[in-house]
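Asker: Return a 3D structure for these sequence lines:
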Amino acid sequence: MKRNIAIKFWTLSLICGCSFVFLFNACENKDDGNDSPVKITKVFLEDAQSSVPDREVTFARLGQVVRLEGSGFTGIKSVLVNGKSCYFNPVFVGDNSMLLQIANDVPTVEAADDIRNTIQVIKSETNRHIYSFEIRAAAPSIAQISHTMPQAGDKIIIYGKGLQEISSVTFPGNIVVTNGIITNEDGTEVSLVVPAGITQSGSITVIGANGGAYSPAYFNFKEGLVHNFDDVQNYSWGSGVDNTALTASIPASGVLPKSQGGYQAFNADGNLAANADQRFWLNSTAIFSTITSKIPGSTAAADCGMQLDIYVEGAWNSGIIRFVMADGSGASRYCMLYQPVYVNGVHSAEAFVNPGAWFTVTLPFGLSSDYEGKTLDDVIASMSAASYKQAGPWFENSGISDVFDAVPATEKVYFDNIRFVPLTTPTYSDFPDED
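Answerer: As a prediction, the model looks like this:
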C-alpha cells in the first residue's frame with residue numbers, strides 16, 4: 001500500500017510539474033482541434049529521479065509515464081498501447097503534447113504481432129494514428145546461475161525474471177554468445193553452452209525483449225579459490241572425509257557440467273546415520289591472510305560469501321551442508337546453511353530436484369546471524385580469533401536450530417572448488433549516460 005501511494009504521489013508531482021507546458025499548448029490553440037488529424041512524432045520518458053527527467057526514448061516499460069509529442073491531440077477519446085486502453089487525464093492534454101501512463105497489465109511479448117509495440121491514439125473511427133514504439137515489461141533480473149565456474153562446452157542455466165527472448169549473453173572479457181540461446185516462455189530460465197576463451201571473472205550480461213541485466217560478479221571467480229583438490233590446496237584435516245581426490249569423471253556423459261579433475265564426497269557410502277556428521281576442514285590461516293586482496297574487506301557480508309560446486313547421487317532425503325567459518329564457538333555459530341529439503345523449516349524431500357550434473361551452491365555470509373550487518377573484514381576477524389584456525393563444509397544429519405532428521409541420509413554429495421566470491425550485482429541502466 002505504501003508503495004502504491006508513493007507511485008501515485010510521484011506521478012501526481014510529475015504531472016503538476018509538467019502541466020504548465022500542456023496548459024500553455026492548450027491555450028495556444030484557438031479552436032478545439034477536434035477535426036485536425038492526430039499524429040505522434042516523438043515519445044519522451046518522464047522520470048523525476050533521472051538526470052534527464054524529460055528524455056526522448058525509443059521504448060518504455062510497463063507502469064512508466066510517457067509524454068507523447070505530435071499534433072492534433074485535442075479531443076482524443078482513447079489511447080491503446082499494444083491494444084490495451086491506458087489512462088490519461090484530459091486536463092493535461094494539449095494539441096501538441098500529452099501525458100500517458102502505460103498500464104501494468106499491457107501485454108508485451110504475448111501481444112499479437114499486428115499490435116505489438118504500438119501506441120494508437122484515437123479521436124474517431126476515421127481519425128486515428130498508429131505509432132510504432134517498443135513496449136517492454138519490467139526490467140529483467142538474474143537471480144542465480146546453475147554453475148558459476150563451468151568449463152567450455154558445458155551447458156548452463158541462468159535463472160531470473162523477465163528473461164524473454166534473450167538475444168545475446170556476454171561473458172566476462174566481452175565474450176558474446178548470440179546463437180544457441182534457449183529461453184522458456186515465462187522468462188525464468190535461459191540455457192546456453194559456455195564458449196571457449198573465458199579467462200576473466202565478473203558478471204554475465206543478458207540482453208532480451210525486456211532489456212538487459214547483470215548477474216552477480218561471481219562468474220569464473222577463480223582468484224577466490226581456496227581448495228580444488230588439484231592445484232589449489234589448503235587442507236587441514238577431515239572427519240569421515242580426507243583429501244585423497246576422487247577422479248572418475250561424473251556424470252559420465254551429457255552436456256551438463258561434469259567433474260573438473262579431483263573432488264571428494266560426503267556420505268560416500270550413502271548411509272550416514274541420524275545425528276551424525278562428516279567434516280572437511282581447511283587451514284583458515286592460509287586463507288584469510290590473502291582473501292581481502294581479492295575482495296575489498298569493506299564489502300558487506302551480505303555481498304560476499306562462499307561457493308562450492310556439488311554433484312548429488314540419489315534423492316536428497318535427509319541432511320544439510322553447514323559451512324563453518326570460525327570453529328570453536330559452537331556448531332551453530334559463524335556458519336551458513338544449505339538446506340535443499342527444508343522449506344520454511346519443514347522437511348520436504350520433493351523440494352530438491354536433482355539436476356543430474358554438477359551445480360554451484362552459493363552461501364552469502366549474511367546468512368549467518370553472526371555476520372548480519374557486518375563486513376568481510378569482520379568475517380576474517382572472526383576466523384582469526386577462532387579457537388581453532390579451521391573453516392570448511394560439513395555434511396550434517398543431526399538436529400540443530402530446528403533442523404532434525406530421524407532417518408539415515410542416503411544421498412551421496414560430491415564437492416569441489418571451494419571459493420570466496422563477491423555477490424555484488426552491477427546496476428544495469430536503460431540509458432548509457434546513467435549506467
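
Asker: in its sheet, what does whichever strand or helix holds V169 sit against?
Answerer: Counting by DSSP states H and E, the element that carries V169 is strand 168-171. Here the strand partners of strand 168-171, with direction, are listed using DSSP bridges: strand 175-177 (antiparallel), strand 205-208 (antiparallel).

Asker: Following element in sequence after the shortest one, please.
Answerer: In other words, strand 175-177. On the C-terminal side of strand 175-177, the closest following helix or strand by DSSP H and E is strand 182-183.

Asker: Contacts for that next one, please.
Answerer: Contacts of strand 182-183 from elsewhere in the structure, counted by CB atoms under 8 Å, 6 or more residues apart in numbering, are L163, Q164, E165, I166, E189, V190, S191, L192, G208. C-beta coordinates here come from the backbone N, C-alpha and C atoms, glycine included.

Asker: Now the two most distant members of the residues you listed.
Answerer: Greatest spatial distance in these: Q164 and L192, 15.0 Å, computed using CB to CB.

Asker: follow-up on the earlier one: just put the strands paired with strand 168-171 in CSV and tack on mean pLDDT.
Answerer: Shown next, in CSV, are the strands paired with strand 168-171 (pLDDT from 0 to 100):
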stretch, mean pLDDT
strand 175-177, 98
strand 205-208, 97
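
Asker: what's the closest of those strands to P251?
Answerer: Go through the strands paired with strand 168-171 one by one with CB to CB and the one that ends up closest to P251 is strand 175-177, at 23.6 Å.

Asker: before we move on, the earlier item: comparing the strands paired with strand 168-171, which comes out most buried?
Answerer: strand 205-208 (a mean of 22; mean count of other CB atoms under 10 Å).

Asker: That one: how far from the chain's middle?
Answerer: Averaging C-alpha positions (CA atoms, centre = their mean, to the nearest Å) puts strand 205-208 12 Å from its chain's average.

Asker: then it to CSV, C-alphas only?
Answerer: Written as CSV, here are the backbone C-alpha positions of strand 205-208 (Å, rounded to 0.1, in the frame of the first residue of the first chain):
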residue,chain,number,x,y,z
THR,A,205,25.2,-9.7,-19.1
VAL,A,206,21.9,-10.8,-20.9
ILE,A,207,20.0,-8.7,-23.4
GLY,A,208,16.5,-9.6,-24.4
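
Asker: Direction included, what does the next helix or strand after it pair against?
Answerer: Proceeding C-terminally, strand 205-208 gives way to strand 211-214 as the next helix or strand, assigned by DSSP H and E. Sheet neighbours of strand 211-214, with direction, are listed as strand 205-208 (antiparallel) (DSSP bridges).

Asker: List the contacts of the partner strand.
Answerer: Contacts with strand 205-208, where a contact means CB under 8 Å, 6+ apart, come from 140, 142, 158, 162-170, 183, 187, 190, 212-215, 428.

Asker: try it again with 6 Å
Answerer: Taking CB atoms under 6 Å, 6 or more residues apart in numbering as the criterion, the residues outside strand 205-208 that touch it are L163, Q164, E165, I166, S167, S168, V169, T170, A213, Y214.

Asker: got it, and stretch 107-125?
Answerer: With CB under 6 Å, 6+ apart as the contact definition, stretch 107-125 has outside contacts at 38, 75-83, 128-131, 133-135, 137, 164, 209.

Asker: one step back: show residues contacting the strand holding V169.
Answerer: The list of residues contacting strand 168-171 from outside it, by CB under 6 Å, 6+ apart, reads V176, V177, T178, L192, I198, I204, T205, V206, I207.

Asker: Spatially, which two of those residues are the most separated?
Answerer: Longest distance between any two of these is 18.1 Å, between I198 and I207; criterion CB to CB.

Asker: Surely L376 is in contact with A300?
Answerer: No: L376 is beyond contact range of A300, at 7.9 Å (criterion: CB atoms under 6 Å).

Asker: Weed out the non-buried ones from the contacts of stretch 107-125.
Answerer: Neighbour counting with 16 or more other CB atoms under 10 Å marks 38, 75-76, 79-82, 128-129, 131, 133-135, 137, 164, 209 as buried within the contacts of stretch 107-125.

Asker: Now, those residues that are in strands?
Answerer: Secondary-structure check on those using DSSP state E: residues within strands are V79, L80, V81, R128, H129, Y131, E134, I135.

Asker: Please name whichever of the strands paired with strand 168-171 is nearest to L256.
Answerer: Each of those was checked against L256 via CB to CB, and the shortest separation belongs to strand 175-177, namely 17.0 Å.

Asker: dump the residue contacts of G238.
Answerer: Taking CB under 6 Å, 6+ apart as the definition, contacts of G238 comprise F280.

Asker: Please determine how far it is located from A286.
Answerer: Note on G238: its distance to A286, by CB to CB, to the nearest Å, is 16 Å.

Asker: distance between the ends of stretch 330-342?
Answerer: Taking CA to CA, to the nearest Å as the measure, stretch 330-342 stretches 22 Å from start to finish.

Asker: buried ones in that stretch?
Answerer: In stretch 330-342, the ones that count as buried by 16+ other CB under 10 Å are R333, Y334, C335, M336, L337, Y338, Q339, P340, V341, Y342.

Asker: and what of stretch 224-243?
Answerer: Buried, per 16+ other CB under 10 Å, within stretch 224-243: 224-229, 234-236, 238, 240-241, 243.

Asker: From the chain's centroid, how far away is that stretch?
Answerer: If you compare the mean C-alpha spot of stretch 224-243 with that of the full chain, they lie 30 Å apart, counting by CA atoms, centre = their mean.

Asker: now the closest residue to G262 other than its chain neighbours: how far from D47?
Answerer: If the residues on either side of it in the chain are set aside, G262 comes closest to A245, at 2.8 Å by CB to CB, 6 or more residues apart in numbering. Distance, A245 to D47, by CB to CB: 55 Å.
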